[in-house]
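In: Sequence and predicted structure are below.
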Protein chains: 4
Amino acid sequence: MTITADVATSVRALREEVCRLHGELTRNQLVSWTAGNVSARVPGHDLMVIKPSGVAYDDLTPESMVVCDLHGEVVDGDLSPSSDTAAAAYVYRHLPEVGGIVHTHSPYATAWAARGEPVPCVLTMMADEFGGEIPVGPFALIGDDAIGRGIVQTLQSSSSCAVLMQNHGPFTVGKDARAAVKAAVMCEDVARTVHIARQIGTPIPIAEADVASLFDRYQNVYGQ
Amino acid sequence: MTITADVATSVRALREEVCRLHGELTRNQLVSWTAGNVSARVPGHDLMVIKPSGVAYDDLTPESMVVCDLHGEVVDGDLSPSSDTAAAAYVYRHLPEVGGIVHTHSPYATAWAARGEPVPCVLTMMADEFGGEIPVGPFALIGDDAIGRGIVQTLQSSSSCAVLMQNHGPFTVGKDARAAVKAAVMCEDVARTVHIARQIGTPIPIAEADVASLFDRYQNVYGQ
Amino acid sequence: MTITADVATSVRALREEVCRLHGELTRNQLVSWTAGNVSARVPGHDLMVIKPSGVAYDDLTPESMVVCDLHGEVVDGDLSPSSDTAAAAYVYRHLPEVGGIVHTHSPYATAWAARGEPVPCVLTMMADEFGGEIPVGPFALIGDDAIGRGIVQTLQSSSSCAVLMQNHGPFTVGKDARAAVKAAVMCEDVARTVHIARQIGTPIPIAEADVASLFDRYQNVYGQ
Amino acid sequence: MTITADVATSVRALREEVCRLHGELTRNQLVSWTAGNVSARVPGHDLMVIKPSGVAYDDLTPESMVVCDLHGEVVDGDLSPSSDTAAAAYVYRHLPEVGGIVHTHSPYATAWAARGEPVPCVLTMMADEFGGEIPVGPFALIGDDAIGRGIVQTLQSSSSCAVLMQNHGPFTVGKDARAAVKAAVMCEDVARTVHIARQIGTPIPIAEADVASLFDRYQNVYGQ
């Protein structure tokens, strides 16, 4: 498979966008060294654009991004794709509404993941963004479909756009790469605030009906 | 209602000021993504200037700020105002001495809010700035006057210029927008320090008479 | 008293130095808003250079620094000096070896101060820099010599160049302003690390003879 | 011993590289003031390049780096070398596969060191990078071979490229200076995340076979 003329424009724009969005991961202190990545689906095509493996964020360029099919095979690019490519490809194959995926090891979200404990919904901001708790997915080794399957199964039984893979870290999804980055930023933010609240006491739960009302309003009214 | 010539100059200056002050929210790490806003009353008029809803801080310009009346209706501006506009309008209507309001989800202040626990006054800096504990306001859903009412009632029975809305986050007020931003910065600072103090022991209380003496001195002597 | 020609050169250089060193307070995240200051003794004269009160760090210039005598009276400068001027003046009067003083409300050091608990010496870096624990000084109201007296008495019975004033925050001293700033940075650093160590267990003490050996070596061998 | 023509080129390149890598220590917030250093072995020669003692990171230049032999004696350079030179020299003498060493007092790693407690392997990222727990080395005073000996003995009985010297802080090694810096960044990152996980519960262990599988894959497949 090669990139035909009709997708070349989309791919070029997504290389720029995906490259640029990695800057938000460092700016929001979600990643150390090279440990985190952004990907985007090429709309209408069985293709994705993803970070190359083990390259420093400062060295990323639109050209260094890797284009893969949705089984993780490289279609265009000189470098090896992220070691999370197979997991991302699995998610894009099984969740057609997902247009972007972010994976980090952001410290507070990863700490909840290390305990295998969901982040309880005790903040109006969590109700807005995640519609409830942030769930935990199974422990899974890298190398086959186990991680992707764990992400998909967990997200399908939750309103959340973030999942904490046990002992591993958060994966977030969105309608596009920017929305997935926003979810990664908010996931770490609420994981941190709820952690701090729990350190010296017990947060007050929010009633389920109130969570539903906040989530509905935010998804439909907030923003421009 | 439209903006008449006699308020146009004030509004223009406040658009600049309110826009610029959002930079202090990011610089002081009080906000993630778009979750926080500054507003200012237009002195002598039933108008306020506030952040547009869901716009990234880097993309804010004086022109993108929204001018509303004190019932939250847009008077001038192309974008939808912050979803906290109704709450801010309520506060400006009921507390005439308030010229600026800031709302954030800064992590330590919000953690106290998640537990519904006031920050006790155990720092001379808290006595200076807040005149006692930082109180908690009621849980309230967005969408009517509930948040504004909760803020006003809590501030009226306290010397504090900050209130922690339960499960939500801090709102701070000041004589102008800059004073409200300062209060937001100090609120997070003391919420953090007192949290840290509490993590491994019990802070020593400050006698009420000493709190009163520090507050009085700071409000009347400090600064230029 | 006025500034005579023979001290004008020293004062000019110290205005530059003291102004510039405030940048280290913000860079090392020791201060919020305007809550912290640096001062320097004018060598060989009963004068000091100190930050003006309540002025934002970004707005500081060498010209805005205030020259005071060692009773805190303004000798040269258009602005009111820091509200910690009386405390600093007391220290310069009573500790002739002190050439610089820094006061901050840095969060971890202030948290120990809020509990009235010294930071125990469980790090080789603490032994190097402070020669033992960082002690706590008494609670004291601003406005007379109480703070200065508390600082001097506590430092005189300790090898430490930092004291945590109860419910207030750290004061550090040095042979010059730069050394006092270094002490403020290190004080917060070790207050944080020891706090973190204590959060989930008990740090191992360092034997007194080893503390003495490390302190002696560092004061006499380290650096150029 | 003097630097002969055939090593001058290597040394010049390593002065640049070692100088530049100190910027990663500050950028990743691993160091306060001057408390941390990077060194590199000159490949094929019994020489190393290391930071000068007590010099601020902003003031470092390639020329100010110090070249020493592997007993810590200065071979080329105007300044005194880091006080950790003897420890680094010992490591280079006894571990021929080590091409770079980093020492910091990064707060979370140092907090584990203060308790004398290894960081348990409860994150896939730790399994990838360290192949198991991060071990603790003995308490040792500066001034003879004790620190170097403690580092070597601890690393030789572990898969980890980081060791936490008790009451002191982390030392990390790598095939070159850049790899040692990466290890220092990852060491602090996982020390922090596991600390956070432990603060409010118990992290789930990863089975030893899974740790071995992750470590093997990461060492052999990850990156370009």
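Out: Now that the structure is in, tell me what you want to look at. Residues are numbered from 1 along each chain as shown, chains lettered A, B, ... in the order given.
In: so what's the residue in chain A positioned nearest to chain C up against?
Out: Here chain A gets closest to chain C at one residue, A:Gln199, 8.5 Å apart by Cβ to the nearest Cβ. Every C-beta, even on glycine, is put in place using the N, C-alpha and C of the backbone. Contacts for A:Gln199 were tallied using Cβ atoms under 8 Å, 6 or more residues apart in numbering or on different chains; they are B:Ala111, B:His195, B:Gln199, D:Gln199, D:Ile200.
In: ok, now with 7 Å
Out: B:Gln199, D:Gln199, D:Ile200 (Cβ atoms under 7 Å, 6 or more residues apart in numbering or on different chains).
In: separation between it and B:Arg198?
Out: Distance, A:Gln199 to B:Arg198, using Cβ to Cβ, to the nearest Å: 8 Å.
In: and if you look at A:Tyr57?
Out: 36 Å.
In: Kindly report the same for A:Asp128.
Out: 28 Å.
In: what's the answer for A:Gly150, then?
Out: 37 Å.
In: which of A:Tyr57 and B:Arg198 has more neighbours?
Out: Neighbour comparison, A:Tyr57 and B:Arg198: the larger count goes to B:Arg198, with 20 against 17 (by other Cβ atoms under 10 Å in any protein chain shown).
In: Check the more buried one and give its pLDDT.
Out: At B:Arg198, the predicted lDDT confidence score is 98.
In: Over to the one 10 residues further on?
Out: Among the per-residue scores, B:Glu208 holds a pLDDT of 96.
In: just A:Ser158 next, same as before
Out: 96.
In: for A:Arg217, same thing?
Out: Looking at A:Arg217, the pLDDT reads 89.
In: A:Met1 too?
Out: pLDDT, A:Met1: 52.
In: if we can go back for a sec, just the ones of the contacts of A:Gln199 in helices?
Out: The members of the contacts of A:Gln199 that map onto helices under DSSP state H are B:Gln199, D:Gln199.
In: In TSV, list the contacts of A:Gln199 along with distance to B:Val173.
Out: Formatted as TSV, the contacts of A:Gln199 follow (distance: Cβ to Cβ, whole Å):
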residue	distance to B:Val173
B:Gln199	29
D:Gln199	34
D:Ile200	33
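In: contacting residues around the closest residue to A:Phe139 other than its chain neighbours?
Out: Nearest non-adjacent residue to A:Phe139, counting by Cβ to Cβ, 6 or more residues apart in numbering or on different chains: A:Gln166, 4.3 Å away. Neighbour list for A:Gln166: A:Ala113, A:Gly116, A:Val136, A:Gly137, A:Pro138, A:Phe139, D:Ile204 [criterion: Cβ under 7 Å, 6+ apart].
In: buried subset of those residues?
Out: The neighbour-count criterion (16 or more other Cβ atoms under 10 Å in any protein chain shown) marks A:Ala113, A:Gly116, A:Val136, A:Gly137, A:Pro138, A:Phe139 among the contacts of A:Gln166 as buried.
In: Secondary structure element for the first one, which one?
Out: Just to be clear, that refers to A:Ala113. helix A:107-115 (DSSP states H and E).
In: which residues touch the helix or strand following that helix?
Out: Heading C-terminal from helix A:107-115, the first helix or strand you meet, by DSSP H and E, is helix A:124-130. With contacts defined as Cβ under 7 Å, 6+ apart, helix A:124-130 is touched by A:121, A:159-162, A:186, A:190, A:206, A:211, A:214-215, A:218, B:35, B:105, B:167-168.
In: can I get the CA coordinates of helix A:124-130 in PDB?
Out: What follows is helix A:124-130, C-alpha atoms only, in PDB (Å, rounded to 0.1, in the frame of the first residue of the first chain):
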ATOM      1  CA  THR A 124     -17.400  19.000  38.900                       C
ATOM      2  CA  MET A 125     -14.600  19.300  36.300                       C
ATOM      3  CA  MET A 126     -14.300  15.500  36.200                       C
ATOM      4  CA  ALA A 127     -18.100  15.200  35.700                       C
ATOM      5  CA  ASP A 128     -17.800  17.700  32.900                       C
ATOM      6  CA  GLU A 129     -15.000  16.100  31.000                       C
ATOM      7  CA  PHE A 130     -15.200  12.300  31.900                       C
END
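In: how about stretch A:86-94, does it reach chain D?
Out: No. Applying Cβ under 7 Å from any Cβ of the partner chain, one finds stretch A:86-94 out of contact with chain D, separated by at least 12.1 Å.
In: Any idea how far that stretch is from the middle of the chain?
Out: 12 Å (Cα atoms, centre = their mean, to the nearest Å).
In: what packs against the host helix or strand of A:Ile151?
Out: Using DSSP H and E, A:Ile151 sits in helix A:146-156. Here helix A:146-156 touches helix A:85-94, strand A:136-137, strand A:162-165, going by 3 or more Cβ pairs under 7 Å, 6 or more residues apart in numbering or on different chains; DSSP states H and E.
In: The helix holding A:Ala113 and chain B, are they touching?
Out: No. Helix A:107-115 stays clear of chain B (Cβ under 7 Å from any Cβ), getting no nearer than 9.4 Å.
In: Show me the contact partners of that helix.
Out: Contacts for helix A:107-115 (Cβ under 7 Å, 6+ apart): A:119, A:136, A:164-170, A:187-188, A:191-192, A:195, D:122-123, D:192-194, D:196-197, D:201-204.
In: do the same with stretch A:8-27
Out: Against stretch A:8-27 from outside (Cβ under 7 Å, 6+ apart): A:3, A:31, A:36, A:38-40, A:42-43, A:49, A:51, A:57, A:60-62, A:65, A:67, A:104, A:177-178, A:181.
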